[in-house]
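> the sequence and its predicted three-dimensional model are supplied below.
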Amino acid sequence: MIPKTKDLWVFIETEADGTARNVGIELLGPGRTIADKQGGKLTAVVIGYEADAAVKEADAHGADAIIVVDAPEYKRFTTDAYTKALVTLVEKYGPTSLLIGATPNGRDFAPRVSCRLKTGLTADCTGLDVDEETGNVLWTRPTFGGNLMAQIQCPDHRPQMGTVRPGVFKKAEPVEGHAEIIREDLRVSPEDIRTRVMEVIREADSGKVDLESAEIIVAGGRGVGGPDGFRLIRELADVLGGQVGASRPAVDSGWIPHAHQVGQTGKTVGPKLYIACGISGAIQHTAGIAGSETVIAINSDPDAPIFSVADYGIVGDLFEVIPAMIREIRARKQQEEAEGDQTGKKTASDVPAWVNSEIPVCHIDLTPPKHASQKFSKDLAAFKRRYEAYIRDDFVVSITDNAMAKMAFQGTELIDALGLTVKPENITIHLNTFHQKAELDRILSDMRRLGLKNLLCITGDGSDKMHKLLPEELEAPEAPVATSVELIRYIRRHYPEFRIGCAFNNYEPPESEFAKLERKLEAGASYIITQPVLGKDEQIDRLVREYPDVPVVTEVWMSPKLSLLSDIMEREIPDDYPYDPFETLKEVKKNYPASANYLGMLSYKNQYPELKEMWGKE
Ligand SMILES: Cc1cc2nc3c(=O)[nH]c(=O)nc-3n(C[C@H](O)[C@H](O)[C@H](O)COP(=O)(O)OP(=O)(O)OC[C@H]3O[C@@H](n4cnc5c(N)ncnc54)[C@H](O)[C@@H]3O)c2cc1C
């Protein structure tokens, strides 16, 4: 193909929900450097369905132009549809270079695209540059089983094409977008697509393994000795708030799924801290960790090659070294917590990130399906749809716990089971005292494993059928019953990194409610959620006046049905009372401009579009 421009294209791979996969956005950084050196534009190519989120992200990461192909047949990747669309675009516009992420899909269709265009493809690159003299892209990739790095050029054919591994380049900081958006109406008929996705089955726990964006990775190799050894690796990862990686023999032996493999045939990672435990340091492994800021190696063999790439080396038996590290980290965390308690000061890490947002954030409550639901599949699908929409639109999803005293599935188990997107700062897990002790610990350790930190602790109103935590189970034998105060203390003691919100009931007698609030804040709560506010409320006025440093989230009742609200307020409100949820929300925003809002009973179908508009999300 004879190029028509000097432009460089980056293919932005999309997910089925229309968001961009990280690798495409990462490639816009080196794409910009190459495009500038070649004297052309940086163009992002988004192919997907309802992919506005991906377009926005490409725009915010510096693309000069974005070509968008958006139709239902691109919702899920198929080789035929994607190849046809990309080849048609390249033939029409004639770019000089084309970068594609080396994901399973990228690896699948990039060779086909290059064949159709009769050009070369350098697969699986780990480095990119431009030859100053010829202007050719210099593609670097491992070769000979990872023992050599080859530099490849494609001097005679265009476009020059390469796939690049996820995680090799870091996403640039977002900028104000200025891209020209070009929409192409390219359709592929069903007869031209020879494959059909019948069902998507996720490998157990693969949905929550995100090594490419992890800041801390603790990885185990053959030296951990078996699947049990990985418990220790996971425990260290958990106390550090990190993820678990592995070498290939550990994966090949079936000790841990492939999603955890790091290295040439696994993932390329770039964490702040990489701890290699019982890993010898073969080049095929270290090729995947070159982007790590600090590497710590634990190995019993002082001559293990891993020590030559490590910043810190510990020669010793990992089964002795790791437990000692875990003990020390826990002790230091407890000490820091105790010091924090003494000074009474809250550090920035005590409050959720949304507190510092310039525009007050909107939390939306989301009720998981009940155990006893007669229409479970429908409820589950609705939960998933809403969860993903709220997260995508950057609201905070607040997942309730046994709401209205009905046993329901836990937020954490649904995130796991449905493989939902995890954006920790956009998720709050509610936790009440109606749990078995083992279940409580499971929820909390699942939160830690998923990287979730934001909790809302409430005493809760359960029925007699639900087990209530006992004071001694929360290590408070002196307390007459277990309330949110004991729960907060327990969590602060064992999970000091969690940020905990507490409830404030503006319909209770003020003196007892303010006294309760004091105890909750003293126990370690760092923000407050109110009960529904009907525009203005004396108690809330007093709350924001007396606690100016504690973030307050004001609840607004979004259902026009008032009977449940009457129950909460223990006050009769006739159902024909002229109550307008959006007017109330506006009023509350006006009266308490610094507070975030919490929306109970929002109707997804009827009210969510208006809410998005109100928050400028369209
Ligand atoms: C084409 C190709 C692609 C490959 N891709 C990858 C890849 O993507 N990722 C990858 O990892 N490998 C890959 N490999 C395999 C690679 O060559 C190595 O075989 C592998 O990395 C070794 O894994 P390991 O370090 O866990 O095991 P080993 O090399 O067996 O090392 C185990 C280490 O554990 C130490 N040890 C043992 N017991 C203890 C203890 N109790 N305490 C502390 N230390 C202990 C030992 O001293 C030893 O150094 C690839 C190979 C090829 C040919």
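Received the coordinates, thanks. All of these numbers come straight from a predicted model, not from anything done at the bench.
> buried stuff in the helix or strand hosting Glu336?
Per DSSP states H and E, Glu336 falls inside helix 318-343. Using 16 or more other C-beta atoms under 10 Å as the test for burial, helix 318-343 gives 318, 321-322, 325-326, 340. C-beta here means a position set from N, CA and C on the backbone, and glycine is covered the same way.
> go back to these and keep what's next to the ligand.
Filtering these for proximity to the ligand (criterion: C-beta under 6 Å from any ligand atom) leaves Leu318.
> so who does His157 touch?
By C-beta atoms under 8 Å, 6 or more residues apart in numbering, the residues touching His157 are 1, 118-120.
> give me the subset of those touching the ligand.
Among these, no residue is within reach of the ligand (C-beta under 6 Å from any ligand atom).
> quick one on the thing from earlier: list just the nearest of the buried residues of helix 318-343 to the ligand.
Among the buried residues of helix 318-343, Leu318 lies closest to the ligand (C-beta to the nearest ligand atom), at 3.7 Å.
> shouldn't that closest one be in contact with Leu232?
Yes: counting by C-beta atoms under 8 Å, a contact exists between Leu318 and Leu232, whose distance comes to 7.5 Å.
> so Gly278 sits against Gly316, correct?
No: contact criterion C-beta under 8 Å: Gly278 and Gly316 do not qualify, at 10.9 Å.
> give the residues shared as contacts by those two.
Among the neighbours of Gly278, those also in contact with Gly316 (C-beta under 8 Å, 6+ apart) are 298, 300.
> the helices in the stretch 151-300 of the chain, which residues?
Ranges of helices within the stretch 151-300 of the chain are 229-240, 248-252, 283-286, based on DSSP state H, counting those that start in this stretch.
> mind putting those helices into a markdown table with mean neighbour count and distance to Leu602?
Listed next are those as a markdown table, based on neighbours: other C-beta atoms under 10 Å; distance: least, C-beta to C-beta, whole Å:
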| stretch | mean neighbour count | distance to Leu602 |
| --- | --- | --- |
| helix 229-240 | 20 | 34 |
| helix 248-252 | 19 | 43 |
| helix 283-286 | 21 | 48 |
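> between those helices, which gets nearest to Glu358?
Among the helices of the stretch 151-300 of the chain, helix 229-240 comes nearest to Glu358, with 30.9 Å by C-beta to C-beta.
> what helices and strands are in contact with the closest one?
strand 216-220, strand 243-246, strand 273-277, helix 318-343, helix 437-450 (3 or more C-beta pairs under 8 Å, 6 or more residues apart in numbering; DSSP states H and E).
> before we move on, back to that, out of Gly278 and Gly316, which sits in the more crowded spot?
Neighbour totals were compared for Gly278 and Gly316, and Gly278 leads with 26 against 14 (other C-beta atoms under 10 Å).
> strands paired with the strand or helix carrying Leu99, and their directions?
Here Leu99 is covered by strand 97-101, with elements defined by DSSP H and E. Paired strands of strand 97-101, with direction, are strand 8-12 (parallel), strand 160-164 (parallel) (DSSP bridges).
> among those strands, which is the most enclosed?
Burial of the strands paired with strand 97-101 is given as mean neighbour count (mean count of other C-beta atoms under 10 Å); strand 8-12 ranks first at a mean of 29.
> pLDDT of it, averaged?
In this model, strand 8-12 has a mean pLDDT of 98.
> re earlier: looking at the helices and strands packed on helix 229-240, which one has the lowest mean pLDDT?
Looking at those, the bottom one is helix 318-343 with a mean of 81.
> quick one: that one to chain centroid distance?
When C-alpha coordinates are averaged (C-alpha atoms, centre = their mean, to the nearest Å), helix 318-343 and its chain have centres 26 Å apart.
> now it against strand 216-220, angle please.
Per axes from the mean of the first three to the mean of the last three C-alpha atoms, to 10 degrees, the angle that helix 318-343 makes with strand 216-220 is 160 degrees.
> what about the nearest residue to Pro510 once chain neighbours are set aside, neighbour count?
Of all residues not flanking Pro510 in the chain, Gln539 sits nearest, at 5.8 Å (C-beta to C-beta, 6 or more residues apart in numbering). When neighbours are counted by other C-beta under 10 Å, Gln539 registers 18.
> surely Gln539 forms part of a helix?
Yes: per DSSP: H, G, I helix; E, B strand; the rest coil, Gln539 lies within a helix segment.
> need the contact list for it.
Contact analysis of Gln539 by C-beta under 8 Å, 6+ apart lists 504, 506, 510, 513.
> most neighbours, which of these?
Neighbour counts for the contacts of Gln539, by other C-beta under 10 Å, peak at Phe504, which reaches 25 neighbours.
> distance of it relative to Arg542?
As judged by C-beta to C-beta, to the nearest Å, Phe504 and Arg542 stand 11 Å apart.
> for the stretch 301-450 of the chain, which segments count as helices?
All helices of the stretch 301-450 of the chain, identified by DSSP H, counting those that start in this stretch, fall at 306-309, 318-343, 376-392, 411-418, 437-450.
> neighbouring contacts of stretch 577-592?
Counting by C-beta under 8 Å, 6+ apart, 360, 533-536, 540, 544, 552, 554, 556-560, 562, 573, 595, 597, 599, 607, 610, 614 sit against stretch 577-592.
> just to revisit the earlier point, could you dump the helices of the stretch 301-450 of the chain to JSON lines with distance to Gly94?
Formatted as JSON lines, the helices of the stretch 301-450 of the chain follow (distance: least, C-beta to C-beta, whole Å):
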{"stretch": "helix 306-309", "distance to Gly94": "43"}
{"stretch": "helix 318-343", "distance to Gly94": "55"}
{"stretch": "helix 376-392", "distance to Gly94": "34"}
{"stretch": "helix 411-418", "distance to Gly94": "43"}
{"stretch": "helix 437-450", "distance to Gly94": "45"}
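> residues from the protein in reach of the ligand?
Neighbours of the ligand within the chain, by C-beta under 6 Å from any ligand atom: 145-146, 221-223, 247-250, 261, 263-266, 278-280, 282, 284-285, 288, 298-301, 304, 317-319.
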